[in-house]
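Asker: When you get a sec, could you give me coordinates for this:
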Amino acid sequence: MVETSVQDLKPDQARELEEKMARIQESVAAPPILETARRVGRLMDGKISTLDEAMEALKAKMLRLTESADGLRGSTARKVVEVLSPSQSEGDMYSEMTARCTYMSETVMVFLDGTTRFADFFNEICMRFKGLKPGLFELKYSLPDYPSCALDSDLDMRLMFRSLAEFKRTSVDILVRICDFCANCVADGVQCSAAAAASSCVSVVSTVIDEPDYLGDFRPEDPKVYMSKQWREYIKCGDQKFRGGAVEFRQKLCMYAIEVGFVFVYVRNDKWRVIAECFNKLSEGCKWYINASLCPANNFFYIRQLNNVHTCSGVLRQQKHKLLSSTIVKTLINDEFRGNPSLKAHDIMDRLKNNYGLDITYRVAWKGKEKAMKELHGSDEDSYSMLT
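Answerer: Numbers count the residues shown, from 1 in each chain. Okay, here's the model as predicted:
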């Protein structure tokens, strides 16, 4: 088995391995055989064994021992093959898997295997997403307990496959994200690592499409970065504090879920403790979980437990979100409403669409305006009570 599975063993190595495995088999078979031989002509267990009886017993035991020793030898050989021939055991690791690549609000599926090079995968991303400039974005993927793993080289590709095999996953979510430092590098005339990796993609495009006489100085527009991008940083790690207590924590948790693209449900929700789980926990067994509570010493809210990795398939930013409430709308328009109290509901809808990439109904926009007006001027009941 070893000789047929491991091709690069030298003759002396194979011979030495064979001798050691034979000694293993002998160590299993020898003690019971010697014990049977000692019983001949001796009084043991109230009976004297004859030579014929001992031979029959010895024959039966030898057959059983041979079978068990062969089994042990075969299992040992298989373990040796796994150690000496890692390429055999890594075959499953390099099987084909699916990468769900998300850029802004669009997701495409890409098939990968262990032979996929990073440059080829990078070129595929460039071609699949329209308006994406090579060198101005970075790739991130998530694993359990590791929500933001970098992907920018062939080594990272191999490590990603190995990690996915260890977690027994056949798919991975990859985030295509515009990075500010790449944009600064390009503006300063410096090529960063991501831009260098994309050079092959740039060269391919330049050799195929060369129409300056027809297109003039046309350049594809930069993808729009919405003001909600910073919401991704609202929930980061354990022990993170929120000075506004439970109210601030709930609102930032909702805004974080809107930007990342998932829905959660409250397990407990009061002014002392908030516990939330992913909406897909029951249907897909998603592990995302957060637990935050009040610190009586300073009345701040602190994240006590956080598993910020989604194992479900429902993480995708959308323009409409059920957690986008009128309270969040009020927070977003507060400053503008103070300078322009005549702001209409349709104006609010347009601003959230253009600045945040989010769609809300007329009712949500109107209620958000009413809450902003109440916070600025107070309620009618408060005004009447002041007059009386």
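Asker: I figured Glu259 hits Glu233, correct?
Answerer: No. Applying Cβ atoms under 8 Å, one finds Glu259 not in contact with Glu233, separated by 9.3 Å. Every C-beta, even on glycine, is put in place using the N, C-alpha and C of the backbone.
Asker: Tell me which of these two has more neighbours.
Answerer: Glu259 (22 against 10; other Cβ atoms under 10 Å).
Asker: tell me the contacts of that one?
Answerer: Ser228, Lys229, Trp231, Arg232, Arg317 (Cβ atoms under 8 Å, 6 or more residues apart in numbering).
Asker: Then Val263?
Answerer: Ala257, Cys278, Phe279, Gly314, His321, Lys322, Leu323.
Asker: Hmm, Asp270 is touching Gly245, no?
Answerer: No. In this structure, Asp270 is not within contact of Gly245 by Cβ under 8 Å, at 11.4 Å.
Asker: More neighbours: which of the two?
Answerer: When neighbours are counted by other Cβ under 10 Å, Asp270 and Gly245 differ, and Gly245 comes out ahead with 16 against 11.
Asker: quick check: domain ranges of the protein?
Answerer: Split into domains by automatic domain parsing, the chain comes to 2-89, 97-215, 232-307, 326-387.
Asker: Quick check: which ranges of the stretch 151-300 of the chain have low pLDDT?
Answerer: Residue ranges of the stretch 151-300 of the chain with pLDDT under 70: 179-223.
Asker: mind listing the helices for it?
Answerer: Here the stretch 151-300 of the chain has its helices, by DSSP state H, counting those that start in this stretch, at 154-166, 180-187, 193-197, 199-208, 212-215, 245-260, 281-284.
Asker: Can you report how many residues neighbour Leu253?
Answerer: Leu253 has 21 neighbours, counted by other Cβ under 10 Å.
Asker: now the spatially closest residue to it that is not a sequence neighbour: how far from Lys320?
Answerer: Spatially, and ignoring its direct neighbours in sequence, Leu253 is nearest to Ile235 (6.3 Å; Cβ to Cβ, 6 or more residues apart in numbering). From Ile235 over to Lys320 the distance is 21 Å, taken as Cβ to Cβ, to the nearest Å.
Asker: out of the two, which sits in the busier spot?
Answerer: Taking neighbours as other Cβ under 10 Å, Ile235 and Lys320 compare with Ile235 leading, 20 against 10.
Asker: coming back round to it: specify which member of the contacts of Val263 is nearest to Glu19.
Answerer: Cys278 (56.9 Å; Cβ to Cβ).
Asker: For Phe242, give the beta-bridge partners.
Answerer: Phe242 forms beta bridges with Phe301, as assigned by DSSP bridges.
Asker: Now for it: which residues touch it?
Answerer: Glu248, Phe249, Lys252, Ala292, Phe300, Phe301, Tyr302.
Asker: Equivalent analysis for Asn280, please.
Answerer: Counting by Cβ under 8 Å, 6+ apart, Asn280 touches Phe262, Cys286, His310, Cys312, Ser313, Gly314.
Asker: residues near the closest residue to it other than its chain neighbours, how many?
Answerer: Sequence neighbours aside, Cys312 is the residue nearest to Asn280 in space, at 3.8 Å (criterion: Cβ to Cβ, 6+ apart). Neighbour count of Cys312, defined by other Cβ under 10 Å: 17.
Asker: So Cys312: helix, strand or coil?
Answerer: coil (DSSP: H, G, I helix; E, B strand; the rest coil).
Asker: Start at 204, not 1
Answerer: Yes, from this point I'll number from 204; that puts the last item at Cys515.
Asker: what are the phi and psi angles of it?
Answerer: Backbone geometry at Cys515, expressed as degrees, to the nearest 10, gives phi -100, psi 180.
Asker: And for the one 4 residues further on?
Answerer: Reported as degrees, to the nearest 10, the phi and psi values for Leu519 are phi -160, psi 120.
Asker: what's the neighbour count on it?
Answerer: Neighbour count of Leu519, defined by other Cβ under 10 Å: 14.
Asker: On the pLDDT front, check it for me.
Answerer: Model confidence at Leu519, given as pLDDT, is 81.
Asker: who's in contact with the nearest residue to it once chain neighbours are set aside?
Answerer: Closest residue to Leu519 apart from its sequence neighbours, by Cβ to Cβ, 6+ apart: Gly464 at 4.5 Å. Neighbouring residues of Gly464 by Cβ under 8 Å, 6+ apart: Val518, Leu519, Arg520, Gln521.
Asker: Is the last one located within a helix, as I assumed?
Answerer: No. Counting by three-state DSSP, Gln521 is not part of a helix but coil.
Asker: count of neighbours near it?
Answerer: Neighbour count of Gln521, defined by other Cβ under 10 Å: 14.
Asker: what does Leu561 give?
Answerer: Residues contacting Leu561 under the criterion other Cβ under 10 Å number 23.
Asker: If anything else comes up later, I'll come back, but that's it for now.
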